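Colleague: Need coordinates for the following:
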Amino acid sequence: MTQWRDAPPAFLSEGNYQLVDESYDSLVFEADATSLGTRLLMFGSAKTLYRLMIKFESDGASGTRLTITGQAVEKVRDRIAEAAAEHGGPRGPVA
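Modeller: This next block holds a predicted model:
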């Protein structure tokens with residue numbers, strides 16, 4: 001968890017996610033996904049925020065299991081799936 005707090009994985013950095021909250025077993029990242037058109041149309045008064053909550057749990061051995069819930073643009077979802085595949089694959093939906 002400390003590694004993710006200090007140096008978030010590439011899919012979070014590339015998606016412009018910033019750490020906004022944390023607890024003893026989770027981190028919450030948030031990204032502003034407001035399009036330029038929406039900003040202009042709403043005179044800068046509207047925001048589209050995507051949040052991802054990452055929960056860290058013991059895998060019962062010497063490793064850590066992550067559960068990621070929230071919203072992300074398709075590019076970030078694809079990068080999450082790639083990162084999961086590199087580490088043994090997801091155990092649930094990635095869509």
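Colleague: switch to C-alpha atoms for all contacts and neighbour counts from now on
Modeller: Fine.
Colleague: tell me which element the residue positioned nearest the centre of the chain falls in.
Modeller: If you average the C-alpha coordinates of the chain and look for the closest C-alpha using C-alpha atoms, centre = their mean, you land on residue 52, 4.1 Å from that point. Assigning secondary structure by DSSP states H and E places residue 52 in strand 49-58.
Colleague: so what secondary structure elements neighbour the next helix or strand after that strand?
Modeller: Using DSSP H and E, the helix or strand that follows strand 49-58 in sequence is strand 64-70. Using 3 or more C-alpha pairs under 8 Å, 6 or more residues apart in numbering; DSSP states H and E as the contact criterion, the elements in contact with strand 64-70 are strand 49-58.
Colleague: Which strands and helices lie in contact with the strand holding residue 52?
Modeller: The helices and strands touching strand 49-58, judged by 3+ C-alpha pairs under 8 Å, 6+ apart, are strand 26-32, strand 64-70.
Colleague: Looking only at that strand, what residues are buried by neighbour count?
Modeller: By 16 or more other C-alpha atoms under 10 Å, the buried positions in strand 49-58 come out as 50-56.
Colleague: any weak-confidence spans in the protein?
Modeller: Along the chain, the parts satisfying pLDDT under 70 run over 38-39, 42, 44, 91-95.
Colleague: at 90 what do you get?
Modeller: Counting by pLDDT under 90, the low-confidence segments of the chain come to 1-4, 13-16, 32-50, 58-67, 72-75, 77-78, 80-95.
Colleague: Kindly list the longest helix within it.
Modeller: helix 74-86 (DSSP state H).
Colleague: ok and it relative to strand 64-70, angle-wise?
Modeller: 160 degrees (axes from the mean of the first three to the mean of the last three C-alpha atoms, to 10 degrees).
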